[in-house]
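Enquirer: kindly generate the corresponding structure for this input.
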Amino acid sequence: SKVIIKFLQVMQKHGYIGDLEIVDDHRAGKVVVDLVGRLNKCGVISPRFDVTLDGIEQLASNILPSRQFGHLVLTTPYGIMDHEEARRKHTGGKIVGFFF
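Expert: Numbering: from 1, shown residues only. This is a model prediction of the structure:
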């Protein structure tokens, strides 16, 4: 789905995965991902909880292993982005998942 592809593009932007290849077989389609060996864990958070701007920090400390690394992926009115970009854009949203 579009959400998965955006999620993977955020991971790619931070260098956790290599190339993305989207195979369209006129059905559900497939995504081929090159792994670079940096990804320890990634997960989805369901249901997609609402996150306020000041709640991002608390959620990050609950889910991520340390303050230095790892990213939460949020869906915001400005698109799907990681929690640091959401903080820079001064927006909250719903949490989609995480990776580190």
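
Enquirer: where does Gly97 sit, in terms of helix or strand?
Expert: For Gly97, the host element (DSSP states H and E) is strand 93-99.

Enquirer: what helices and strands are in contact with that strand?
Expert: Packing partners of strand 93-99 (3 or more CB pairs under 8 Å, 6 or more residues apart in numbering; DSSP states H and E): helix 2-13, strand 42-44, strand 50-51, strand 71-76. Quick note: C-beta positions are derived from backbone N, CA and C, even for glycine.

Enquirer: can you list contacts of the second one?
Expert: By CB atoms under 8 Å, 6 or more residues apart in numbering, the residues outside strand 42-44 that reach it are 11, 16, 96-100.

Enquirer: would TSV of those residues with distance to Ala28 be doable?
Expert: Formatted as TSV, those follow (distance: CB to CB, whole Å):
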residue	distance to Ala28
Met11	20
Tyr16	24
Val96	19
Gly97	19
Phe98	24
Phe99	22
Phe100	28
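
Enquirer: before we move on, the earlier item: and the helices and strands packed on strand 93-99, which is most packed in?
Expert: strand 71-76 (a mean of 22; mean count of other CB atoms under 10 Å).

Enquirer: tell me the strands beside that one, with direction?
Expert: Partners of strand 71-76 in the sheet, by DSSP bridges, are strand 79-82 (antiparallel), strand 93-99 (antiparallel).

Enquirer: tell me the most buried of those strands?
Expert: Highest mean neighbour count among these (mean count of other CB under 10 Å): strand 93-99, with a mean of 21.
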